[in-house]
Structure formats: structure tokens, C-alpha cells
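In: Structure for the following, please:
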Amino acid sequence: MKIDPDIRTRIEKIVSSDHVVLFMKGRRGAPQCGFSATTTQLLDQLVPDYSTVDVLQDPEIRNGIKEFSSWPTIPQLYVGGEFIGGCDIISEMFGTGELEEALGIPKAANTAPDLTITDTAAKALQEISGPSAGRELHLSIDARLQNNLYFGPIEERELSTVTNGIQIYMSAQTAVRADGLTIDAESTSSGPAFRIENPNLPKVKDITAQKVKEMLDSGENFGLYDVRTPEEIQIARISGAIALDEDIRNKLEKSDKKGTIVFFCHHGGRSQSVAEHFAALGYENVFNLIGGIDSWAQDVDQSVRRY
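Out: This is a model prediction of the structure:
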């Protein structure tokens, strides 16, 4: 079936809008089918940012992309304007290392990292691991430097290393990002809580409420982003701050990385995580407001409600 010219033009614009574009069911972080989930998981390991198009929200694009690429299924990956393939092909390319080449990423060396597992963490891991096959310990650090420690079967091309009596498996990409990493644990009422300290994480700078006020008063060009929930924003807000909803977040992820951005939440914990995310994307001047809006209410503007 011949594709409608207007739909073809729309698809061509989408394909050329970013270096890596994935047509999928759902969106990154919330895939709506297993094949889309697999594909995003593989891409997340290799690239910090890419565009996704939810074909479930646009039937014309869903049908048109199949004709455009002469490929009958979703997801579909485009890199540099060229069609790469669907889930099976992407998975195969990931396994052979060809996907890194297609994405223009240097191939990671097969070298196990130098990492530390503390005595406390080693003891906790030994207690919860169990002897069953298929429950080996894995470490995953994606391209956004998000950590994941889990048990599961050994996967193709994984490296392994033994530290403090604990064997741990990981991909070559994770191994590069894990060098110098420390895994620790502390006891809680619900069991051990593991903590990962990674010296390779990009640095987020602290900033005081008074300094942010000075920057606002001087007219300095920077972005001030509120990561709290809409309900919290209704309770108290900082004039000039932008609520970091999904649309704003997506735009910010694709913006110029040289600008200054400041994040805040209620007390500074949630905004620290968000700030680390954007630092991992390559932003050079990322700040977290110490104490959040509660500090602002105490030190800058007492009219702002505390909660």
C-alpha cells in the first residue's frame, strides 16, 4: 500500500529530528509491549538520550512507518536517518557489538573493573543470594549512570569479577562506568539496604537559597526548575520557577548543555537525583538548592508557606 505523501513528510521530519529515533509502543520508561521494553533497555545501556515516538498515540504514524521502512513490526530504530531494524535485529547487534558501531559509540573493552564490596555488603549478599542457579549477582549502570543491583541468569558477553568473596556479573559498558565503585549496605527493619558510591558520577554543585535569590535579582540567565508534585506546588512556590513536568523535562534533555540549571524540591533529596540525571546527560553547570523550598521559606521569603 502506498504511503500518503503528507504522512511520509511527517515521518521524514521525525526521523531527521534526532540522531537516534525509536518508533515504539509506549515511551521510554513506560513501554507498552515486551519488544519495545527490550529495545529501550538495550539502548539505555549505550546512549544517554534518544527520541521515542509512541505509535499507539498516532494510528497514521503507526501504519505509515511500516510502509515507510518496509518493515511490518514495531519497534523500529533509526540512527542518523537510516533504518536499523526491529527488536530481533537490535538484540543481535547488541550481542555482537555492532549496535555500538551503528550508534557511533566506541566499543567497550572486555576488562573487569576495580571495585569494592564492603564486609557488611558481602555478608548481606551472601545471606540473600542462595545457592540456586540463575540467581547470580549482576550490576548494571546505564548510559545515564543509573545503578541497578539485581539477581538473575548470566547473559551473553557479560564479564565477571570476584570481590570480597562475591562474584558479580556485568556488561562491558557497565564495567567501564563501574571502575572505582564501592557497594556498601546497612541494616534496616525491612532488610539490608545497599548503597552504591560511584566516583564516575558527574558532579552536582550545591547552591544556597540566598545565592539563587541574588541570581534572580541580577537578571542572570539560568533555569530554575521545581521537581515537586503539582499538589506541593499549589501549597508553596518560588516566583519564576518552572515546574518540571514531562514535556519540560523532554525539552530540557535536548537543550544546549552549557546553560546553568538549578533544581529544587521540598528539602533537596529528590532534586539531587534529578540534578544528577541532567549532569549525566552532559550539562556542565548543574546545581541543587540546599534545603529546597523549605530553606527558601526560612532564609529568603518568609511569606512562602512551610509544610
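In: Break down the stretch 1-150 of the chain into its helices, ranges please.
Out: With helices called from DSSP state H, counting those that start in this stretch, the stretch 1-150 of the chain shows them at 5-15, 34-46, 59-69, 87-96, 98-103, 119-129.
In: Can I get those helices in JSON lines including distance to residue 252?
Out: For the C-beta atoms, the positions are set from N, CA and C on the backbone; glycine is no exception. Shown next, in JSON lines, are those (distance: least, Cβ to Cβ, whole Å):
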{"stretch": "helix 5-15", "distance to residue 252": "20"}
{"stretch": "helix 34-46", "distance to residue 252": "18"}
{"stretch": "helix 59-69", "distance to residue 252": "24"}
{"stretch": "helix 87-96", "distance to residue 252": "27"}
{"stretch": "helix 98-103", "distance to residue 252": "22"}
{"stretch": "helix 119-129", "distance to residue 252": "35"}
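In: Out of those, which one sits most buried?
Out: Of all the helices of the stretch 1-150 of the chain, helix 34-46 carries the top mean neighbour count, a mean of 19, counting by mean count of other Cβ atoms under 10 Å.
In: what's the angle from that one to helix 87-96?
Out: 30 degrees (axes from the mean of the first three to the mean of the last three Cα atoms, to 10 degrees).
In: residues in contact with residue 81?
Out: Contacts for residue 81 were tallied using Cβ atoms under 8 Å, 6 or more residues apart in numbering; they are 15-16.
In: I'd like to know how far it sits from residue 89.
Out: Residue 81 is 17 Å from residue 89, where distance means Cβ to Cβ, to the nearest Å.
In: now swap in residue 170 and tell me
Out: Distance of residue 170 to residue 89, computed by Cβ to Cβ: 24 Å.
In: what do you get for residue 67?
Out: For residue 67 relative to residue 89 (Cβ to Cβ), the value is 19 Å.
In: next one: residue 50
Out: In terms of Cβ to Cβ, residue 50 sits 17 Å off from residue 89.
In: Ok, residue 4 next?
Out: For residue 4 relative to residue 89 (Cβ to Cβ), the value is 27 Å.
In: nearest spatial neighbour of residue 147, skipping sequence neighbours?
Out: With Cβ to Cβ, 6 or more residues apart in numbering as the criterion, residue 147 has its nearest non-adjacent residue at 4.6 Å, and that residue is residue 196.
In: where does the one you found fall, helix, sheet strand or coil?
Out: strand (DSSP: H, G, I helix; E, B strand; the rest coil).
In: got a list of what it touches?
Out: By Cβ under 8 Å, 6+ apart, residue 196 lies in contact with 147, 149, 181-184.
In: I'd like to know which of those are buried.
Out: Among these, those buried by neighbour count (16 or more other Cβ atoms under 10 Å) are 147, 149, 181, 183-184.
In: Tell me the helix or strand right after the helix or strand harbouring residue 217.
Out: Per DSSP states H and E, residue 217 falls inside helix 209-218. Where DSSP H and E defines the elements, the next helix or strand beyond helix 209-218 is strand 223-226.
In: next helix or strand past that following strand?
Out: Helices and strands here follow DSSP H and E; after strand 223-226, the next one along the chain is helix 230-235.
In: got the buried residues for that following helix?
Out: For helix 230-235, burial by neighbour count (16+ other Cβ under 10 Å) applies to residue 232.
In: Give me the residues contacting that helix.
Out: 226, 243, 266, 305, 307.
In: do stretch 53-60 as well
Out: For stretch 53-60, the external contacting residues (Cβ under 8 Å, 6+ apart) are 4, 7, 10, 14, 21-27, 32, 61-62, 65, 74.
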